[in-house]
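> Sequence and computational prediction follow.
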Amino acid sequence: MPVFEYQGITRDGRSKKGNVDADSLRTARIRLKKEGVFVTEIKDKKKGASGTQKTKAANLKKTVPVRDLALMTRQLATLLKANIPLVDCLAAVSEQVEHPALSLTMAEIRNSVNEGGQFHKALARYPGMFSPIFLSMCEAGEMSGTLDVILMRLAEFTEAQNELRSRVKSALTYPVIMLVVTMGLMGFLFVFVIPKMVEVFESAPNLTMPWYSLAVISMSGFLVNYWWFVGGSLFGIWLLFTMWKKTPSGKTTWDGISLKLPIFGEMNRLVAVSRFTRTLATLLTGGVPMLNAMTIVRNVVDNDVMAAAIDDARNNISEGETIAGPLKKSGQFPPIVIHMVSIGEKTGDLETMLLQVSDAYDFQVKTKIEALTGLMGPVVLVFMGLAVGIIVMAIMVPMFEMTNLAG
């Protein structure tokens, strides 16, 4: 039976190493977990194959669900607030986290901090898991001695962002499913049903078909004979569009278009403004300097047009001027945002004003999503009914005509 050499952390946060006999690496991990040891490194003594070394390398760019990250952050903040040493908090969190990659990462961060490293620098080794916002706020909290407060604000911020993202996804899920079902049903009718009906129609030489039936039959014949061309063309258009969007000019152009789309354009702007105000307020409240905060925020909005306005505002700040001026000049931010930012700058309470704007826009996003969901459901159903109805009518009318001829 193979012998595995391991290093790990016990439930009370102490380091432990030794050997364990097991059939496989997975069995060894399970056995050690039952014994209350969280494995940070394990390898076969004969082969010298380390399972953790590869995992560490993979974790450097690996991402985790926002929900797991928010839960971990809240747990860590709660433990720190209870005056538990950071190393012990990290050890406890690494055992409580259910996500395997995040659990292992927190154990590795705990080891780094235990060896005298700074917490925010240990986090920076995993850019895929921890965003620039997370790193900047943890650094500010660690330097000011308010890490527990900062982590709690980070948890609330992450949960709010996750909720906003979930709302947008849920609003689009139902219409997209209905659209896919409609396209699938139409494809089935065009490719399998209509060609069979054409054979029946051809058996009646005196049958005169209406123009819409001829159009549907012609479309069906084209799809049956040139399905490869239709599929290839759609894939090619999608591929070219995707490649174009990845270019700097293409992304900027599309970002501008996305803000002017009917219905969706307004919602895209609301989401971007909400991200801008909440993120900036969170960073400033966490003690991050204004210039650094503006640099981070420009990437959070995920829109080049609005990011350009934020860049202009940042340049104004570096020259000792205000934020509100460039934001107003860009024409991309609603007047209420400009007004609230201007008041916040004058009163020295910018963080509070930004949070109030963010709360208001989060409510607007929620309202818009509910209205959009209520509107798109019936619209898709009407589209589905019309499309299928036209196809059915194009088939049934010639069938009735054949019946009359036969009679």
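Done, it's in. Numbers count the residues shown, from 1 in each chain.
> Now the helix or strand M72 falls within: buried residues?
Assigned by DSSP states H and E, M72 falls within helix 66-81. Neighbour counts using 16 or more other CB atoms under 10 Å place 66, 68-80 of helix 66-81 among the buried residues. (C-beta placed from N, C-alpha, C; glycine too.)
> Are there helices or strands packed against it, and which ones?
Helix 66-81 sits against helix 86-96, helix 100-114, helix 147-188, with contacts defined as 3 or more CB pairs under 8 Å, 6 or more residues apart in numbering; DSSP states H and E.
> need the ones you listed in JSON lines with mean neighbour count, distance to F38 and mean pLDDT, can you?
Formatted as JSON lines, the helices and strands packed on helix 66-81 follow (neighbours: other CB atoms under 10 Å; distance: least, CB to CB, whole Å; pLDDT from 0 to 100):
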{"stretch": "helix 86-96", "mean neighbour count": "20", "distance to F38": "6", "mean pLDDT": "86"}
{"stretch": "helix 100-114", "mean neighbour count": "21", "distance to F38": "6", "mean pLDDT": "86"}
{"stretch": "helix 147-188", "mean neighbour count": "16", "distance to F38": "21", "mean pLDDT": "80"}
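> Reformat these into TSV and put distance to A215 next to each item.
Below are these laid out as TSV (distance: least, CB to CB, whole Å):
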stretch	distance to A215
helix 86-96	63
helix 100-114	54
helix 147-188	14
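> which stretches of the chain aren't confidently modelled?
Along the chain, segments meeting pLDDT under 70 span 1-3, 13, 23-24, 44-62, 205, 405-407.
> Name the single longest helix found in it.
helix 350-406 (DSSP state H).
> and the direction of it versus that of helix 147-188, what angle?
Orientation of helix 350-406 against helix 147-188 (axes from the mean of the first three to the mean of the last three CA atoms, to 10 degrees) gives an angle of 10 degrees.
> Now do helix 350-406: distance to the chain's middle.
For helix 350-406, the separation from the chain centroid amounts to 24 Å (computed by CA atoms, centre = their mean, to the nearest Å).
> Does anything pack onto it? Which helices or strands?
Using 3+ CB pairs under 8 Å, 6+ apart, helix 350-406 sits against helix 147-188, helix 194-202, helix 211-225, helix 264-285, helix 335-347.
> Turn the ones you listed into TSV, columns for distance to M399.
Below are those laid out as TSV (distance: least, CB to CB, whole Å):
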stretch	distance to M399
helix 147-188	19
helix 194-202	8
helix 211-225	10
helix 264-285	41
helix 335-347	60
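> Can you tell me the element the nearest residue to R29 once chain neighbours are set aside falls in?
Once flanking residues are discounted, R29 sits nearest to V39: 5.5 Å by CB to CB, 6 or more residues apart in numbering. Using DSSP H and E, V39 sits within strand 37-44.
> Kindly report the same for G117.
Going by DSSP H and E, G117 is not in any helix or strand.
> Quick check: phi and psi on it?
phi -80, psi 160 (degrees, to the nearest 10).
> Kindly report the domain assignment for this protein.
Here the domain assignment for the chain is 3-59, 66-159, 162-407, based on automatic domain parsing.
> how much distance is there from the longest one to the middle of the chain?
Going back to what we said before, that points to domain 162-407. 15 Å.
> and S330, how many neighbours does it have?
Residues lying near S330 (other CB atoms under 10 Å) number 17.
> Assign the spatially closest residue to it that is not a sequence neighbour to helix, strand or coil.
Once flanking residues are discounted, S330 sits nearest to A309: 3.3 Å by CB to CB, 6+ apart. Following DSSP: H, G, I helix; E, B strand; the rest coil, we place A309 in the helix state.
> what do you get for T63?
Under three-state DSSP, T63 falls in the coil class.
> can you pull the contacts of it?
Listed by CB atoms under 8 Å, 6 or more residues apart in numbering, the contact partners of T63 are 128-129.
> switch to 6 Å and redo it
G128 (CB atoms under 6 Å, 6 or more residues apart in numbering).
> was I right about V300 contacting R278?
No. Counting by CB atoms under 6 Å, V300 sits too far from R278 to count as a contact (9.1 Å).
> the more surrounded of those two?
R278 (24 against 20).
> what's the most buried one of the domains of the chain?
Mean neighbours per residue, mean count of other CB atoms under 10 Å, is largest over those for domain 66-159, with a mean of 19.
> sorry, back to before: report the separation between the residue nearest to R29 and L104.
V39 is 9 Å from L104, where distance means CB to CB, to the nearest Å.
> one step back: quick check, the residue nearest to R29 in contact with R31.
No. With contact defined as CB under 6 Å, V39 does not count as touching R31 (10.0 Å).
> Only C-alpha atoms, please: export stretch 163-183 in CSV.
Written as CSV, here are the backbone C-alpha positions of stretch 163-183 (Å, rounded to 0.1, in the frame of the first residue of the first chain):
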residue,chain,number,x,y,z
GLU,A,163,-27.4,40.2,-6.0
LEU,A,164,-27.4,42.8,-8.8
ARG,A,165,-25.7,40.3,-11.2
SER,A,166,-28.3,37.6,-10.2
ARG,A,167,-31.2,39.9,-10.9
VAL,A,168,-29.9,40.7,-14.4
LYS,A,169,-29.3,37.0,-15.2
SER,A,170,-32.7,36.0,-13.9
ALA,A,171,-34.4,38.7,-16.0
LEU,A,172,-32.8,37.3,-19.2
THR,A,173,-33.1,33.6,-18.4
TYR,A,174,-36.8,33.1,-19.2
PRO,A,175,-36.9,35.1,-22.5
VAL,A,176,-33.8,33.3,-23.7
ILE,A,177,-35.2,29.9,-22.9
MET,A,178,-38.4,30.7,-24.7
LEU,A,179,-36.5,32.0,-27.7
VAL,A,180,-34.4,28.9,-27.9
VAL,A,181,-37.5,26.7,-27.7
THR,A,182,-39.2,28.7,-30.4
MET,A,183,-36.2,28.5,-32.7
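> residues making contact with it?
Residues outside stretch 163-183 that contact it (CB under 6 Å, 6+ apart): 369, 372-373, 376, 380, 384.
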